[in-house]
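In: I would like the atomic coordinates for the input below:
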Amino acid sequence: MYLIYVISRGSGISELTSSQITSTFAATFRELGELKNVKRDLGGRKQKAEVAENTTVAPTTWYLTLAGEKIVEELISKAKS
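Out: Predicted coordinates:
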């Protein structure tokens, strides 16, 4: 969710595919290892209405809902204090 948030704020790209999320994470946070099960994990967040999936494009893309944006902003705020 954090990557989607940062990329949308920095570039205006608000929707990312699972592979874009995985490759961006790998390039940015190489020392943390590879992300696995992105679709599964985002699917869990989708159930909580924190992200949504755009199934009208192929491959499908993921984006933050307003609730998801709020969660990320709260986490960033906590990390800053």
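In: all strands of this protein, in order?
Out: Using DSSP state E, the strands of the chain run over 51-54, 61-64.
In: packing partners for the helix ranked longest in the chain?
Out: Determined from DSSP state H, the single longest helix within the chain is helix 66-80. In this structure, helix 66-80 makes packing contacts with helix 2-11, judged by 3 or more CB pairs under 8 Å, 6 or more residues apart in numbering; DSSP states H and E. Placement of C-beta: from N, CA and C, glycine included.
In: Out of the strands of the chain, which gets nearest to residue 35?
Out: Nearest of the strands of the chain to residue 35, taken as CB to CB: strand 61-64 at 12.8 Å.
In: who's in contact with the closest one?
Out: 1, 4-5, 8, 14-18, 21, 42, 50-54, 72 (CB atoms under 8 Å, 6 or more residues apart in numbering).
In: Could you identify the buried members of those residues?
Out: 1, 4-5, 8, 15-18, 21, 42, 50-52, 72 (16 or more other CB atoms under 10 Å).
In: Tell me the one among these nearest to residue 58.
Out: Among the buried ones among the contacts of strand 61-64, and counting by CB to CB, the member closest to residue 58 is residue 17, at 9.4 Å.
In: ok, and the closest non-adjacent residue to that closest one?
Out: residue 59 (4.8 Å; CB to CB, 6 or more residues apart in numbering).
In: Could you do residue 61 as well?
Out: Per CB to CB, 6+ apart, closest to residue 61 is residue 15, 3.7 Å.
In: Settle this for me: that neighbour is touching residue 54, isn't it.
Out: Yes: with contacts counted by CB atoms under 8 Å, residue 15 reaches residue 54, the gap being 5.7 Å.
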